[in-house]
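Trainee: take this sequence and fold it.
(chains A and B)
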Number of protein chains: 2
Amino acid sequence: MMTRSREVQLQRRPVGLPTTDDFAIVEVDVAAPRDGEVMVRNVCMSVDPYMRGRMVDRKSYAPPFQLGATMNGGAIGRVVESRHPQFRAGDYVESNFAWREAFCAKGDVLAPLGKLVAPPSAYLGVLGMPGMTAYVGLLEVGAVKDGETVFVSGAAGAVGSIVGQIAKIKGCATIGSAGSADKVRVVKSEFGFDHAFDYHGADLLAELRRAAPNGLDVYFDNVGGDHLQAALSHMRPFGRVALCGAIAQYNDTTPPPGPNNLTLAIGLGLTLRGFIVSHFNHLRAQFRSQMEDWVTSGRVKYRETVMHGIERAPAAFIGLFTGENTGKMIVQLENRA
Amino acid sequence: MMTRSREVQLQRRPVGLPTTDDFAIVEVDVAAPRDGEVMVRNVCMSVDPYMRGRMVDRKSYAPPFQLGATMNGGAIGRVVESRHPQFRAGDYVESNFAWREAFCAKGDVLAPLGKLVAPPSAYLGVLGMPGMTAYVGLLEVGAVKDGETVFVSGAAGAVGSIVGQIAKIKGCATIGSAGSADKVRVVKSEFGFDHAFDYHGADLLAELRRAAPNGLDVYFDNVGGDHLQAALSHMRPFGRVALCGAIAQYNDTTPPPGPNNLTLAIGLGLTLRGFIVSHFNHLRAQFRSQMEDWVTSGRVKYRETVMHGIERAPAAFIGLFTGENTGKMIVQLENRA
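Mentor: Residues are numbered from 1 along each chain as shown, chains lettered A, B, ... in the order given. Below you'll find the predicted structure:
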């Protein structure tokens, strides 16, 4: 049977911080599935900082969103009607068909989630892309070793909050920066960081020196800009910087200058390595099994900031850049799940 | 017996490009060796770009030169008189006692060179620190693989000229930048680079696109600044940047901004890794044996720019920054060797 879906389209390319006027909500008919297809109603969808890059018309690792077309991204949905042998009504599936309430797609492009050990939204956060980003970024890219000192920027965010907790499990000393006093409290009391500070108006290097007098072995960079420069000035010999994101810069209309102290890397033998989670797809099964253990045993905690309804999706997205979220920003699309 | 030695002292800390007035030549008595000591007369000495950093009074991987004290650095000398069982008059030794004609030191701090397969000065260049920098920087830090595309800045220099030739031995396509039309000619005809260009007034990115339409796998950075930024804009996925030097910046009185495109590293999974040759001291024997083979078989060629006499050492050093040298800059201290 046909169904109706409200969807979010990019109406114009944002300049600087996006506004809700850059987006339009449209309502479309979704045709019933044909052979091999599945109809899915989304339960929740993800908004992620990396999507800002896709709103610019340039080649990058993810293709740019087209104007007047429905955007996409990570979503968890339930099968409504299936004409694909692998799926049955009621199954949870992960897909790239976010920014819409319902869709019909070939079964082959959907990932069956199997048995969930946590609410569906967790599979967009701690058990999904951000959690796996934290996992591979710290363990593979940062190559963290037991007992090292790890600094994480954006420590209250979906990725940063998990990085700190994995580092703690690995016996590391952890330092986090976050964007408000409330977030700093959560970073320490809930995510268990040893030190945390509010970066607003802070002398970042002084904060790092205070928190880690002997320097940093790993810096997990979600922020870029001043954070990266300060961390570089406080790295220990052979330290590693995992370049994961640069949210401080995503809305800049001209690229800001890079760190002016990059040559420190020479004498100290530092490694800076960029990555995106899909570079490590071969570790998906390992990640899910490990992180489900940590989450169900309570060793890794997570937070969500939830907005309700597809019409709030643009605001949820914009909120990533204005600090609205603690933990993963989720757009809940229906309560029937 | 006592001997006389002319030595170069740092008289004041250079601001910007050093001038010969920043240095003073003094003449000192060198006392005869005591038990365990060796007297050495230097045959040739090295001037290297990294020494510029040591003229600034700040903590770095090599301690700063003191004002009014004789500087140091790599030198090859011959033993004049030995009271150490490991050394005999006439032996060639490598030491850190450059910037002087003769010295007396404990035998333990001297490295016997053994049998030379090339003139002594080669052990300050292709068979010495710059050659080993090229070797470990390309093979270990750059982790170059057969058939990749390698860009080297400062390709006419002591390090860059060797990097390109090792890359060629490994079956790579090689691109070099150099500071004059003459150097570009040498880089191509003598060092065998596939492509080379004069960076003066060049659109670096356009040059790279022309020389390597499919992008770069490895960038060996001797220069920093605009070179690093252009290379980052032309890297292939999972490319590697070996951060070896930043000669373009060494005389800057304030640190210039870093590359404004460092975030490209995220999506492309790029690695930038800094190093100095001493991080790889465990590979010294392997390097020397391999490079002696390559040099004696003619597979690796090298050039020297030679200045004569200790009193020319400051000018030789300054010449590194004004492009006087093709290949290794050597100060020859006596012709009796």
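Trainee: and the contacts of stretch A:128-142?
Mentor: A:46, A:48, A:74, A:94, A:122, A:124-125, A:144, A:150, A:157-160, A:162-163, A:166-167, A:170, A:218, A:220, A:240-242, A:244, A:273, A:275-277, A:279-280, A:283-284, A:287-288, A:290-291, A:302, A:328 (CB atoms under 8 Å, 6 or more residues apart in numbering or on different chains). Backbone N, C-alpha and C define where each C-beta goes, glycine included.
Trainee: repeat for stretch A:254-263
Mentor: With CB under 8 Å, 6+ apart, stretch A:254-263 has contacts from A:225, A:228-229, A:232-233, A:249, B:224, B:228, B:243, B:246, B:249, B:255-263, B:272, B:274.
Trainee: and the helix or strand residue A:284 falls within, what does it pack against?
Mentor: Following DSSP states H and E, one finds residue A:284 within helix A:284-296. Contacts defined by 3 or more CB pairs under 8 Å, 6 or more residues apart in numbering or on different chains; DSSP states H and E place helix A:284-296 against helix A:129-136, helix A:160-169.
Trainee: can you give me the end-to-end distance of stretch A:30-50?
Mentor: 28 Å (CA to CA, to the nearest Å).
Trainee: now that stretch: buried residues?
Mentor: A:30, A:33, A:37-50 (16 or more other CB atoms under 10 Å in any protein chain shown).
Trainee: also stretch A:228-245?
Mentor: So, applying 16+ other CB under 10 Å, buried residues of stretch A:228-245: A:228-236, A:239-245.
Trainee: from the chain's centre, how far out does that stretch sit?
Mentor: 20 Å (CA atoms, centre = their mean, to the nearest Å).
Trainee: take it, keep the C-alpha atoms, and write them as PDB.
Mentor: The C-alpha trace of stretch A:228-245 is given here as PDB (Å, rounded to 0.1, in the frame of the first residue of the first chain):
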ATOM      1  CA  LEU A 228      44.300  21.500  17.400                       C
ATOM      2  CA  GLN A 229      46.900  24.200  17.800                       C
ATOM      3  CA  ALA A 230      46.900  24.000  21.600                       C
ATOM      4  CA  ALA A 231      47.100  20.200  21.600                       C
ATOM      5  CA  LEU A 232      50.000  20.200  19.200                       C
ATOM      6  CA  SER A 233      51.900  22.500  21.600                       C
ATOM      7  CA  HIS A 234      51.400  20.000  24.400                       C
ATOM      8  CA  MET A 235      52.100  16.700  22.700                       C
ATOM      9  CA  ARG A 236      54.700  14.200  24.100                       C
ATOM     10  CA  PRO A 237      57.300  12.700  21.800                       C
ATOM     11  CA  PHE A 238      55.800  10.300  19.300                       C
ATOM     12  CA  GLY A 239      52.300  11.400  20.200                       C
ATOM     13  CA  ARG A 240      49.400  10.800  17.800                       C
ATOM     14  CA  VAL A 241      46.600  13.100  16.700                       C
ATOM     15  CA  ALA A 242      43.500  11.500  15.300                       C
ATOM     16  CA  LEU A 243      41.900  14.000  13.000                       C
ATOM     17  CA  CYS A 244      38.200  13.200  13.200                       C
ATOM     18  CA  GLY A 245      36.400  16.500  12.700                       C
END
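Trainee: wait, does that stretch contact chain B?
Mentor: Yes. Stretch A:228-245 comes into contact with chain B (CB under 8 Å from any CB of the partner chain), by way of A:228, A:238, A:243, A:244, A:245.
Trainee: from the residues you listed, pick the one nearest chain B.
Mentor: Chain B lies nearest to residue A:243 out of the residues of stretch A:228-245 next to chain B, by CB to the nearest CB, at 5.2 Å.
Trainee: how about the contacts made by the closest one?
Mentor: A:221, A:228, A:272, A:273, A:274, A:275, B:262, B:263, B:265, B:266.
Trainee: now render those as TSV, adding pLDDT.
Mentor: Formatted as TSV, those follow (pLDDT from 0 to 100):
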residue	pLDDT
A:221	97
A:228	97
A:272	98
A:273	98
A:274	98
A:275	97
B:262	96
B:263	94
B:265	97
B:266	96
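Trainee: report the two of these separated the most.
Mentor: A:228 and A:275 (15.0 Å; CB to CB).
Trainee: most widely separated two among the residues of stretch A:228-245 next to chain B?
Mentor: Between any two of those (CB to CB), the greatest distance is 23.5 Å, for A:238 and A:245.
Trainee: gap between residue A:274 and residue A:49?
Mentor: 15 Å (CB to CB, to the nearest Å).
Trainee: just residue A:15 next, same as before
Mentor: Residue A:15 is 17 Å from residue A:49, by CB to CB.
Trainee: got it, and residue A:132?
Mentor: With CB to CB as the criterion, residue A:132 and residue A:49 are 16 Å apart.
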